[in-house]
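1. Quick one: sequence plus predicted model below, questions after.
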Amino acid sequence: MSDDAKNPDLPRRSFIRLIGKWTVVAGALSVGVETMKHLPTAAASESIISRYPPQGPVPGYNWLDHHWAFAVDATRCIGCLRCVEACKIENDVPFNPYNTRTWVERYVYLDGEKEPHVDSIDDPRDIAAAGTRMNYRFADLYEGQKVDQAFFIPKLCNHCTNPTCVEVCPTGASYQTPDGVVLIDKTYCIGCRYCVQACPYGARYFNEQTNTADKCTWCYHRITKGMKTACVEACPTHARKIGDLKDPNSDVSVFIRENRVQVLKPEMGNQPNVFYVGLNKDVC
Amino acid sequence: MEHILHMAYTGYAYPNETVLPWSALIVVYPYITGLVAGAFVISALYKLFNIKVFEPVAHFALLVALCCIVFVPVPLLLHLGHPERALEAMMTPHWSSAFVMFSYFFSFYTILLIVENWFTFRPHAVHMSQHGKSALSRGFYKVVALGSTDLSPKAMAYDEKWMYWLAVIGLPAACGLHGYVGFVFGSVKAREWWSSDLMPVIFILSAVISGSALLLILYPISCKLRKVAIDLACQKALAKTLWGFLIVTLVLEGLELLSMFYRRVEGIDWIARFIAGPLHFTYVDLQWGCGLGALVLLTALVVFRARGRALVAVSMVAGLLVLTEVLMMRWNVVIGGQEISKTLKGMLHYAPPLFGKEGLLVSGAILTLPMIALSIMARLFPPFHDKPADAVPETAK
């Protein structure tokens, strides 16, 4: 009698062993191939472009012909917060001071103090001054005090060239378009909030209406149709500008050419695409 | 949107930061994962490193690991905005995400643990499928045995070989699993409190200490429940293992903090205020207090060669302190990290809610689930080879 006949389990065991071996080999191969596909190469940016068809999601708009960027002239900002309200209305952002796609920070240096006082729409004193969550305003906090210096800094998603939010997204719901915009596919986002953690600029939030991550899209639905973003439209002092870097005469191209621009937290290595004039060392 | 739980803050924090993204549920997730990895390491010390003194807890450790790992996804799924899409992370993975690699490590390791446990408890299942008291019991064990009823020496040797190789693969997988949990946090450069190369190493070591501490507590309790004598040599070896790994863990945790202050990383002033203020109780008092307290107890236990009841009592208290230390370490990493604002100009104050999905009660309940599962599984698959109480050699006495 053979061993197999004596022991009815042995053929099954060999079968299990065979299946096990092949599963390991197949798994290793597929992981290897997938990893190779995603390893950065010298022509990484080229390959990103070539992965996309020329026709983007918007009919009549070729996303390979554009590269969007944003500019902020902070010296022009008056802190009226019309941009925040316009954004919330345009993009259906929850009307509360704790979820926002754009906001404005106020930096105030009082006489004799080294550190600035910073506040924004989420400051309880500013909320009290607004009296409603539908409108936002800066409260008059420094009446009667000698102010050495004060300025406003508008903030929004930086649509980074190396976006950490995209890097950490487990499904690819956060992605970069070939025209330089970072977007979220809300039908695909699992709502893990890893991207909210990973953004160094606090630009992302968890939208409890959609149960997904949310952030500024540079009004992609508008800029791809030749319009400006809602915040740019609403800004009364032209402190905010959106433009196409592939067009040398766009607002942003001209702004970058004519000014010595800075970006926020350059040490993070994210390469932000919101270019500022009027920052100072304390702007966070 | 009045129900949004926003946090008060001192200094300045970005508006979006005032809603905490990761709650107590995300504290529970690395904690349970750590218990899995730690318990597995103890069983591997017996199986791979041939440390025979762990024999009484080797099978038990595997069962503990299994009962813990099945509950790892619970806090994660509860936390997700769209849990129904959770599998997308594995079906259409985005390879650069640490979560994706964790998902694969986790799935692989879960399967490995199930298979290893199956081989371990197959003889019992076969025995019960033939000698079970009721037809239901016999049927249950028959299903568990998967029709593999051969208990001949040859078949057992074959099983041993499988178990050995599963342990060989399982040890790096356990370290990889928990190392990746550390990487999930350590790789977030946006958060000064997390962004550290030491984070994965500290997570692996803290996993080992939490797993051994859990066994150090559960093993004597199980002996009491079974009314058998505790194998003191095993208990002492567990305590010594815990002692050794605890020293390294505490030194690394201390070095990480020291390096942060010595390098004077950006925002260090706020970090110092944070540790002295809101984080003082959970970080200084509980995490470091419990860690150092356990270290003192275990050192005394080793130096004074404690034996008998003193050994059991002291080691159990030390185990409890270590479990608290590790839980607080997870809390201070996950919650603490989010309380230091990304502006590095302020700190947020999180008051954990008691009720609700993200509340402390739900998280606490999830922590008890593995223990409930273990009490059931240990009855179905006894992990101890009980002998009459007087026959147990109390070598350490």
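-> That came in fine, so what should we check first?

2. If you tally nearby residues, what's the number for the residue in the stretch 101-250 of chain A that chain B sits nearest to?
-> Residue nearest to chain B within the stretch 101-250 of chain A: A:Gly191 (1.9 Å; C-beta to the nearest C-beta). C-beta here means a position set from N, CA and C on the backbone, and glycine is covered the same way. Neighbours of A:Gly191 under the rule other C-beta atoms under 10 Å in any protein chain shown: 22.

3. same question, A:Gly144
-> Residues near A:Gly144, counting by other C-beta under 10 Å: 5.

4. Assumed it was part of a strand.
-> No: going by DSSP: H, G, I helix; E, B strand; the rest coil, the assignment for A:Gly144 is coil, not a strand.

5. give me phi/psi at it?
-> The phi/psi pair for A:Gly144 (degrees, to the nearest 10) reads phi 80, psi 0.

6. try the one 5 residues further on
-> The phi and psi torsions at A:Gln149 (degrees, to the nearest 10) take the values phi -150, psi 150.

7. so how many other residues sit close to it?
-> 11.

8. Please apply the same query to B:Leu292.
-> 14.

9. Let me know whether it touches B:Thr249 as I believe.
-> No: assessed by C-beta atoms under 8 Å, B:Leu292 is found out of contact with B:Thr249, at 11.6 Å.

10. Which helix or strand contains the residue in the stretch 201-350 of chain B that chain A sits nearest to?
-> Relative to chain A, the nearest point of the stretch 201-350 of chain B is B:Thr343 (3.9 Å; C-beta to the nearest C-beta). B:Thr343 is part of no helix or strand, with elements assigned from DSSP states H and E.

11. where in chain A is pLDDT low?
-> A:1-52, A:54-56 (pLDDT under 70).

12. go with 80
-> Counting by pLDDT under 80, the ranges of chain A that qualify are A:1-57, A:133-134.

13. how does it divide into domains?
-> Following the assignment in automatic domain parsing, chain A carries domains at A:3-38, A:67-160+A:218-277.

14. hey, which of the ones you listed is tucked in deepest?
-> Across the domains of chain A, the average number of neighbours (mean count of other C-beta atoms under 10 Å in any protein chain shown) peaks for domain A:67-160+A:218-277, which reaches a mean of 18.

15. does any part of that domain sit near chain B?
-> Yes: Domain A:67-160+A:218-277 lies within reach of chain B by C-beta under 8 Å from any C-beta of the partner chain, at A:94-100, A:103, A:105, A:118-122, A:124, A:155, A:268-269.

16. how about the strands of the chain, start to end?
-> Let's take chain A. Assigned by DSSP state E, the strands in chain A fall at A:68-73, A:102-110, A:117-119, A:147-156, A:174-176, A:182-184, A:205-207, A:212-214, A:240-244, A:274-277.

17. switch to chain B, that's the one I care about
-> Going by DSSP E, chain B shows strands at B:8-12, B:345-349.

18. how about the residues of the stretch 1-150 of chain B near chain A?
-> B:1, B:3-4, B:6, B:8, B:11-19, B:21-22, B:76, B:79-83, B:85-86, B:88-89, B:92-100, B:103-104, B:148-150.

19. Make CSV from the strands of chain B and add mean neighbour count and mean pLDDT to it.
-> Output for those, formatted as CSV (neighbours: other C-beta atoms under 10 Å in any protein chain shown; pLDDT from 0 to 100):
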stretch, mean neighbour count, mean pLDDT
strand B:8-12, 18, 94
strand B:345-349, 20, 93
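
20. can I get those strands in CSV with distance to B:Met371?
-> Output for these, formatted as CSV (distance: least, C-beta to C-beta, whole Å):
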stretch, distance to B:Met371
strand B:8-12, 35
strand B:345-349, 32
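
21. give me the residue from chain B nearest chain A.
-> For chain B, C-beta to the nearest C-beta, closest residue to chain A: B:Gly81, 1.9 Å.

22. Could I get the phi/psi values of that residue?
-> Phi and psi for B:Gly81, reported as degrees, to the nearest 10, are phi -70, psi -30.

23. List the residues that contact the closest residue to it other than its chain neighbours.
-> Leaving aside its chain neighbours, B:Gly81 sits nearest to A:Gly191 (1.9 Å; criterion: C-beta to C-beta, 6 or more residues apart in numbering or on different chains). Residues near A:Gly191 by C-beta atoms under 8 Å, 6 or more residues apart in numbering or on different chains: A:206, A:211-213, B:80-82.

24. Filter those residues down to just the buried residues.
-> Listed as buried from the contacts of A:Gly191 are A:206, A:212-213, B:80-82; burial here means 16 or more other C-beta atoms under 10 Å in any protein chain shown.

25. got the end-to-end distance for stretch A:193-203?
-> 12 Å (C-alpha to C-alpha, to the nearest Å).

26. Stretch A:233-251 too?
-> 13 Å.

27. how far is it from where the chain is centred?
-> Chain-centre distance of stretch A:233-251: 18 Å, with C-alpha atoms, centre = their mean, to the nearest Å.

28. likewise stretch A:59-75?
-> 14 Å.

29. likewise stretch B:139-150?
-> That offset, for stretch B:139-150, works out to 31 Å (C-alpha atoms, centre = their mean).

30. buried sites along that stretch?
-> The neighbour-count check on stretch B:139-150 (16+ other C-beta under 10 Å) flags B:140-142, B:144-145, B:148-150 as buried.

31. can you list the weak-confidence ranges in the stretch 1-150 of chain B?
-> Ranges of the stretch 1-150 of chain B meeting pLDDT under 80: B:1-5.

32. What ranges does the stretch 101-250 of chain A have for its helices?
-> Per DSSP state H, counting those that start in this stretch, the stretch 101-250 of chain A carries helices over the ranges A:124-130, A:164-168, A:194-198, A:220-223, A:230-234.

33. List the residues that contact the closest residue to B:Glu88 other than its chain neighbours.
-> Nearest residue to B:Glu88, sequence neighbours excluded (C-beta to C-beta, 6+ apart): A:Thr171, at 4.5 Å. Contacts for A:Thr171 (C-beta under 8 Å, 6+ apart) come out as A:188-190, B:85, B:88-89, B:92-94.
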